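Undergrad: From the sequence below, what's the structure:
(2 chains)
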2 protein chains.
Amino acid sequence: MSIAPELLYKLQQVVGEHYVFTDEETRKHYGHDETEDLSFPPNVVVKPANAQEISAIMKLANTYYTAVVPIGGRTGLSGGALCILKGIGLSTERLNKIIEIDEKNGQVITEPGVITQVLRDAVAEKNLFYPVDPSSMGSCFIGGNIAENSGGARAVKYGVTKDYVLNLEVVLPNGEIIWTGANTLKNSTGYNLTQLMVGSEGTLGIVTKAVLKLWPKNNHNVLMLVPFFKAEQACEAVSAIFRAGIVPSALEFMERDAIDWTLKFVDGISVTIQPEHQAHLLIEVDGNYPEILMLEAEKIMEVVEQFEIDEVLFADTEEQKNALWKMRRSVAEAVKANSVYKEEDTVVPRYELPTLLKGIKTIGTKYGFQSVCYGHAGDGNLHVNIIKGNMSDENWKTEVPKGIREIFELTVSLKGTLSGEHGIGLVQKNYMDIRFSKSHLELMGQIKYIFDPNNIMNPGKILPENL
Amino acid sequence: MSIAPELLYKLQQVVGEHYVFTDEETRKHYGHDETEDLSFPPNVVVKPANAQEISAIMKLANTYYTAVVPIGGRTGLSGGALCILKGIGLSTERLNKIIEIDEKNGQVITEPGVITQVLRDAVAEKNLFYPVDPSSMGSCFIGGNIAENSGGARAVKYGVTKDYVLNLEVVLPNGEIIWTGANTLKNSTGYNLTQLMVGSEGTLGIVTKAVLKLWPKNNHNVLMLVPFFKAEQACEAVSAIFRAGIVPSALEFMERDAIDWTLKFVDGISVTIQPEHQAHLLIEVDGNYPEILMLEAEKIMEVVEQFEIDEVLFADTEEQKNALWKMRRSVAEAVKANSVYKEEDTVVPRYELPTLLKGIKTIGTKYGFQSVCYGHAGDGNLHVNIIKGNMSDENWKTEVPKGIREIFELTVSLKGTLSGEHGIGLVQKNYMDIRFSKSHLELMGQIKYIFDPNNIMNPGKILPENL
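TA: Prediction:
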């Protein structure tokens, strides 16, 4: 499939010649995100400047029955931004303005192409706090966070992207521009299209502005790294901490291999790990009063000391805190640098974590794959990296999908689901039948249809092929 | 319109003869909620026991093209539970079990007919906290809270119902029973039907089970009543408190008339109010450390002292706290006992409150009505009670709707919307064009259609008549 010259010409008229790209290098660059080693370049990359241009592009796409895929920071892990039917790759990178930090109302109005870390830093300068912090926050876009309903380490206390989105300007697939909600903390005015849009992975429209809630900034935190001799006990401790009445601002789990590989992969992290530790919990509490945080840290110590742990490391300096966070945030990259891999984003009620972890290992043994697990244990959100290593291509292709299916069956049986924060996108869509009945999926398909009757808006994502 | 004898017989077969009511007294009882003086009795009241019976009822209703209206605690303020086409009034009162308080995961699984206060008390016994506290919490149902996305006094810090709903068992209009989400804190697995259901006012399905998130319980709070000589300054102070870095657990605004009428109406509230105070703020902070709460209260004092205030009352005892909360929670009832009224549930970004309040008074003067305003100022959520008083029936009918329209136009111009927590239901639906374009409303109408093609599920609510 190639793109009609006439359409190309009209796209140039809309966004300007300089912002339409058909060269191979650019198409390849925008043809992948961080999902496995997948590559699906579009026929053309366009870089519109605003909602009006995007609206015009959507109208053209409907006329020419051409797929449009919104592309953000390309850090996605489920293939949501891959142009599987080629067509138009629509980069939001020029919509990169923070329009207003509204201190009076504790809100920020932003365009979708702003990098999450940039937004966090900008509001922090005004003593405000945007808590959502995916590991990729140094390069992912706010628009992508909204599309995937991203979480991160602080979700356990502060919630995920959906909890901060008050209102969205969206270009619908037919080119109409709407505001979904209101700039208010509460809203009970018609169907909640704001929350329908969040997590819809760019299949129902393109977000062009977002109004996000902010909190006053906390000024202090305490960070501790707790080594466990047994990985399952680390998982058990997670639920025990909450039951002691503590809500940590982060509660992260890392299997031994995850840390080992990271320390080998990333330079300059001065953390020493003993070989006999099977897993670690990285635990943070935050607030405005250091003396209270010390009390909470003591309470956490009382809880974790009931398990078989080694000496707890308290991060005394900002450098040490940064090193520990760098270690945690580099795990994904480090594990992936090691081997071809597939990543699953399992999520269960947090008390079920030990059962999930044990089950994953058993399933791995059954199908002959190794896995490295880490993630946001406070949320019950465990990232499972399935490592190809020495596995034959044949087994990788046939056995691993069976194993993944069993892992998802296990998460669903534990009242969990397929994805906590990465989305379904391309690579998980054919597992959706594990969680949803055919008629339930058809209902989602009908929602897609009323927004996008020509199926041009990021087609082939979320819903299974055989629906 | 009456109900087919055959349908009646089949309903009896489904739920049992004892739970089908056609007598006038019962029909009248279930024919009203707390919305103005409206009364729309159904042809028949049914009281099913579980999701399976509700599923069977929905299938019958589709066969006989008969409207079904889910009825909860009948405390609604927008007429969502009124049987405007008669048909079947389906009371959820027998689905009144708390199925499980899951301490290990910090969740509760409940049926929809549980009274909000009952749920709050039950989880509090396990040291857990369900923060949503509408003024009607002593009689409203959790199911109704989900239908209307209810808020309450603690929403300013803890969020509204939608922020606590993780997963819903829903009987769809076609009788199918689905679980919308997962019992997890994060979820990025397909379109968010959980949040589409929350706030849909019983028009897309009937919730039969809900999984709600809980927090560990806070053990301490400080409550203060601040009298302002000028009502607009009270509104201004609201935003200033947040800008000082404080997130109060409640921040309530009451105009002078609201308090006066309440103290006259409710016995035994020992609060003395000076005639020269135009408005009061009721401010609470909560947490686990009394010394921190005192620090925060001092910071709040520093803020409010920048305005023209009188002596602040700190509630020293539980009795005094209860008296102040009783006063606040009785305002709605007291104001309504005074006169025929209409209540609007305006919401704006909180900094816009003074502009909103001033505008409402100007509009009242223009159209000749008095209003009493109070509400959740921390959320920018102002309840506007329009008092009939001595107004002629003619003016009440013709002038007041024009004034309401102007009030809503004002809220929307301030980036707010029509309803913060009461819903649109019946009485606000014909104002929806102020906030939404025709095509936007049509999109909502199409969502309604795919769930409920025969339009039998609480028809005639939310969407305007002339759509």
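Undergrad: Low-confidence regions, chain A specifically.
TA: The model of chain A has pLDDT under 70 over residues A:1.
Undergrad: Now do the domain split for it, please.
TA: Split into domains by automatic domain parsing, chain A comes to A:5-91, A:98-216, A:218-328.
Undergrad: looking at those, which is buried most?
TA: The highest mean neighbour count among these, using mean count of other Cβ atoms under 10 Å in any protein chain shown, belongs to domain A:98-216: a mean of 23. All C-beta atoms are positioned from the backbone trio N, CA, C, and that covers glycine.
Undergrad: Show me what stretch A:300-311 is in contact with.
TA: A:224, A:226-230, A:233-234, A:236-237, A:240-241, A:244, A:246, A:248, A:274, A:276-277, A:281, A:283, A:285, A:312 (Cβ atoms under 8 Å, 6 or more residues apart in numbering or on different chains).
Undergrad: which ones among the residues you listed are found in strands?
TA: Members of those lying in strands (criterion: DSSP state E): A:224, A:226, A:227, A:228, A:281, A:283, A:285.
Undergrad: so which of the residues you listed comes closest to residue A:380?
TA: Lowest distance from residue A:380 to those (Cβ to Cβ) belongs to residue A:281, with 13.8 Å.
Undergrad: Okay, helices next: where are they in the stretch 201-350 of chain A?
TA: A:231-243, A:256-265, A:290-304, A:318-338 (DSSP state H, counting those that start in this stretch).
Undergrad: What helices and strands are in contact with the second one?
TA: Just to be clear, that refers to helix A:256-265. helix A:318-338, strand A:370-376 (3 or more Cβ pairs under 8 Å, 6 or more residues apart in numbering or on different chains; DSSP states H and E).
Undergrad: circling back to that earlier point, out of the domains of chain A, the one nearest residue B:460 is which?
TA: Of all the domains of chain A, domain A:98-216 comes closest under Cβ to Cβ, at 14.5 Å.
Undergrad: what distance separates the start and the end of that closest one?
TA: Distance across domain A:98-216, first residue to last, is 18 Å (Cα to Cα, to the nearest Å).
Undergrad: And stretch A:101-114, by the same measure?
TA: End to end - Cα to Cα - stretch A:101-114 spans 13 Å.
Undergrad: can you check stretch A:187-195 too?
TA: 11 Å.
Undergrad: right, is that stretch up against chain B?
TA: Yes - Stretch A:187-195 reaches chain B (Cβ under 8 Å from any Cβ of the partner chain) through A:187, A:188, A:189, A:190, A:191, A:192, A:193, A:195.
Undergrad: which one of those is nearest chain B?
TA: residue A:195 (3.6 Å; Cβ to the nearest Cβ).
Undergrad: From residue A:198, how far out is the closest residue to that closest one other than its chain neighbours?
TA: Spatial nearest neighbour of residue A:195, chain neighbours left out: residue B:195 (3.6 Å); criterion: Cβ to Cβ, 6 or more residues apart in numbering or on different chains. According to Cβ to Cβ, to the nearest Å, residue B:195 and residue A:198 sit 8 Å apart.
Undergrad: So for the two, which residues contact both of them?
TA: residue A:162.
Undergrad: quick one: what helix or strand has residue A:101 in it?
TA: Residue A:101 belongs to strand A:98-102 when assigned by DSSP states H and E.
Undergrad: Let me know whether that strand sits next to chain B.
TA: Yes - for strand A:98-102, a contact with chain B is found by Cβ under 8 Å from any Cβ, at residue A:102.
Undergrad: Quick one: residues contacting the residue nearest to residue A:257 when sequence neighbours are not counted.
TA: Distances taken as Cβ to Cβ, 6+ apart put residue A:372 closest to residue A:257, at 4.7 Å, once the chain neighbours are dropped. Contacts for residue A:372 were tallied using Cβ under 8 Å, 6+ apart; they are A:255, A:257, A:258, A:261, A:335, A:384, A:385, A:387.
Undergrad: ok, 6 Å please
TA: With contact set as Cβ atoms under 6 Å, 6 or more residues apart in numbering or on different chains, residue A:372 has these partners: A:255, A:257, A:258, A:335, A:385.
Undergrad: gap between it and residue A:384?
TA: From residue A:372 over to residue A:384 (counting by Cβ to Cβ), the distance is 8 Å.
Undergrad: and residue A:422, how many neighbours?
TA: Residue neighbour count, defined by other Cβ atoms under 10 Å in any protein chain shown, stands at 29 for residue A:422.
Undergrad: cool, the one 10 residues further on as well?
TA: Taking other Cβ under 10 Å as the criterion, the count of residues near residue A:432 is 20.
Undergrad: That one against residue A:464, yeah?
TA: Yes - taking contacts as Cβ atoms under 6 Å, residue A:432 lies within contact range of residue A:464: 4.9 Å.
Undergrad: got any residues that touch both of those two?
TA: Counting by Cβ under 6 Å, 6+ apart, nothing touches both residue A:432 and residue A:464.
Undergrad: circling back: next one: phi and psi at the residue nearest to residue A:195?
TA: Here is the backbone geometry of residue B:195 (degrees, to the nearest 10): phi -80, psi -20.
Undergrad: Tell me which residues are up against the strand holding residue A:101.
TA: With Cβ under 6 Å, 6+ apart as the criterion, strand A:98-102 contacts A:108, A:109, A:110, A:114, A:122, A:123, A:126.
Undergrad: One more pass at 8 Å, please.
TA: Residues from elsewhere that reach strand A:98-102 (Cβ under 8 Å, 6+ apart): A:108-111, A:114, A:118-119, A:122-123, A:126, A:128, A:209, B:349, B:351.
Undergrad: Please apply the same query to stretch A:17-27.
TA: Here stretch A:17-27 makes contact (Cβ under 8 Å, 6+ apart) with A:3, A:8, A:11-12, A:41-49, A:89, A:94.
Undergrad: now it: how far from the chain's centre is it?
TA: 28 Å (Cα atoms, centre = their mean, to the nearest Å).
Undergrad: So what would you say the end-to-end distance of it is?
TA: With Cα to Cα as the measure, what separates the two termini of stretch A:17-27 is 16 Å.
Undergrad: what do you get for stretch A:280-295?
TA: 22 Å.
Undergrad: So that stretch, near chain B or not?
TA: Yes - interface with chain B: stretch A:280-295 contributes A:288, A:289, A:292, A:295 (Cβ under 8 Å from any Cβ).
Undergrad: Check what contacts that stretch and list those residues.
TA: Everything outside stretch A:280-295 that qualifies as a contact, by Cβ under 8 Å, 6+ apart, is A:153, A:157, A:218-228, A:234, A:237-238, A:241, A:246, A:248-254, A:259, A:273, A:296-297, A:300, A:304, A:324-325, A:328, A:377, B:245, B:289, B:292, B:295.
Undergrad: change it to 7 Å
TA: Stretch A:280-295 is contacted from outside by A:218-228, A:234, A:237, A:248-254, A:259, A:296-297, A:300, A:324, A:328, A:377, B:289, B:292, using Cβ atoms under 7 Å, 6 or more residues apart in numbering or on different chains.
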